[in-house]
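J.: Predicted model and sequence follow; I will ask about them next.
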Amino acid sequence: MELERYVEEIRRHYEVAADAAGEDARVQAERLIAPLDAALRLALQHALADAADEITCEVAPGAVELRVRGRELAFVVIAPPVAEPVDAEPVDAPPEDEGVTARINVRMPEYLKARVEQSARAQQVSVNTWLVRAASAAVERSGAPTRSERRGTRGTQQYRGWTR
């Protein structure tokens, strides 16, 4: 994303305002325009980064990143993993081979809790299901071993049930 047209538009408005204030103001404006250029670019970059963070909260477990390369900015959209449909099981039911579930307490800012609840409602799932999916997607993106990779390691398998 090129910021030049936005910076140029602000520069034009600044020059028009300086012209209206007289010759002395116009001369001062010409001296200040170069430092303002850098400040404007940085402010726009921060605004776009904040927007990407807000969008990420809305599309979790997907994400939107703002990447900077030189003076070029680019948005990168990371789609959430697509869950494979499971026949005859409710959405909240975990697969049979996941084993025992664990309970944890999570503390988060009130605004984030509200957004999580809103996203869960939009996807018509419980907050717990939404959080489990978001955590699973984050772990998968980080390169942590998957369930099938963990199953292949010796000594970590768990068995339940009766035997004769």
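T.: Thanks, I have it.

J.: Please make it C-alpha for all contacts and neighbour counts, starting now.
T.: Will do.

J.: what's the average pLDDT for stretch 73-90?
T.: The pLDDT scores in stretch 73-90 average 69.

J.: Same check on stretch 130-146?
T.: Stretch 130-146 comes out at a mean pLDDT of 75.

J.: can you check stretch 16-25 too?
T.: pLDDT averaged over stretch 16-25 gives 87.

J.: Return the distance of that stretch from the chain's centre.
T.: 43 Å (Cα atoms, centre = their mean, to the nearest Å).

J.: Which residues does it contact?
T.: The contact list for stretch 16-25 (Cα atoms under 8 Å, 6 or more residues apart in numbering) reads Arg26, Ala29.

J.: element containing Glu54, please.
T.: Element membership for Glu54, per DSSP states H and E: helix 23-59.

J.: Nearest spatial neighbour of the residue most central in space within the chain, chain-adjacent residues omitted?
T.: With distances taken as Cα atoms, centre = their mean, the residue of the chain nearest its centroid is Thr56 (2.7 Å). Distance criterion Cα to Cα, 6 or more residues apart in numbering; nearest residue to Thr56, sequence neighbours excluded, is Ala63 at 4.5 Å.

J.: Let me know whether that neighbour touches Ile78 as I believe.
T.: Yes: applying Cα atoms under 8 Å, one finds Ala63 in contact with Ile78, separated by 5.0 Å.

J.: if I look at the residue nearest to Thr56, how far off is Glu117?
T.: For Ala63, the distance to Glu117 equals 17 Å [Cα to Cα, to the nearest Å].

J.: now swap in Ala39 and tell me
T.: 37 Å.

J.: How about Tyr111?
T.: Tyr111 sits 10 Å away from Glu117, going by Cα to Cα.
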